[in-house]
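1. sharing a sequence plus its predicted fold:
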Amino acid sequence: MPEKCSRSGSTLIEMPWKLTHLRILMPMAAILSSHGPPAGAGGRSSRTTQTPTRPGRVTLAFSLAFAIDPKSPSSGFFACQQHFPENFWNPAFQAHRNTASGVAGVVLVAENPSDHHIFLSAYTGLRDLRATSSGVAVTTPRGEIQIMDPAAFHLRFGVEPPADAAGARIAALRIAVGNMTTLGTVLRESGVATESRMGAAIVRPQDAMGATIVFEPG
């Protein structure tokens, strides 16, 4: 069922978007909501352009490689490598009024998290996966990827996990925040509803186009 989303000054509309793709940015973990080509497809894309931070024209380029977990047909995975990050990196773009400082982690939900540990290890290139009472997890240089069972997800975040797909389903994005008080002020001023749980501010999926957004100290 499509989620509904409304904001000040806008019309209530049906928003069918959900978290469907996990991206590793050599080695950053992040979330995109789009559909990609089959496993192994991808390639390199580049162009020359002008940027506000460097004189003259510069080259921007990236390569993509897609992967599929056969046990998770509703979720997609891919890696992205930026070839000339110095040509577009702008420190000003990394400063946010809500004090968000980076992606702390991504949370997937599966009935049997251990069923996906081989794929998760291959996808991240890391063998040091941790088994916990709630599932499995791996820490990358840019954030943690967790696969929780539905009960653990509900207990931790206080929201219902995705229940409309087989296998591991991307359920939540964790954002590290420098100042939780400032974050609360910015979200209230923006009309974004949150719930406080275990030291984190949680935006429920019905308020975030089907995603659970977790702001936590970091």
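-> Arrived safely.
2. tell me the SS of F93?
-> Three states are possible here, and by DSSP: H, G, I helix; E, B strand; the rest coil the one that applies to F93 is helix.
3. tally up the residues packed near it, please.
-> By the measure other C-beta atoms under 10 Å, the count of residues near F93 is 10. The way it works is simple: take the backbone N, C-alpha and C, and place the C-beta from them, glycine included.
4. same thing with R54?
-> R54 has 13 neighbouring residues, counting by other C-beta under 10 Å.
5. now it, nearest residue through space, not along the chain?
-> Here the nearest residue to R54 in space, its sequence neighbours aside, is N87; by C-beta to C-beta, 6 or more residues apart in numbering that works out to 6.1 Å.
6. so how far is F93 from the one you found?
-> According to C-beta to C-beta, to the nearest Å, N87 stands 13 Å off from F93.
7. related to what we said a few turns ago, tell me the contacts of the residue nearest to R54?
-> Residues in contact with N87 (C-beta atoms under 8 Å, 6 or more residues apart in numbering) are T51, R54, V58, T59, L60.
8. partner residues bridging the second one?
-> With DSSP bridges applied, R54 shows beta-bridge pairing to T51.
9. now do it against S46, distance only.
-> Using C-beta to C-beta, one obtains 16 Å as the distance from R54 to S46.
10. enumerate the positions of the helix ranked longest in the chain that are buried.
-> As assigned by DSSP state H, the longest helix anywhere in the chain is helix 180-189. When neighbours are counted by 16 or more other C-beta atoms under 10 Å, the buried residues of helix 180-189 are found to be M180, L183, G184, V186, L187.
11. which strands and helices sit next to that helix?
-> strand 200-203, strand 212-217 (3 or more C-beta pairs under 8 Å, 6 or more residues apart in numbering; DSSP states H and E).
12. report the distance from that helix to the chain centre.
-> Once both centres are worked out by C-alpha atoms, centre = their mean, to the nearest Å, helix 180-189 turns out to sit 21 Å from its chain's centre.
13. need the contact partners of it.
-> R97, N98, T99, A100, V177, T194, G199, A201, V203, F215, P217.
14. excluding covalently adjacent residues, which one is nearest to G178?
-> Using C-beta to C-beta, 6+ apart and skipping the chain neighbours, the partner closest in space to G178 is T99 (3.9 Å).
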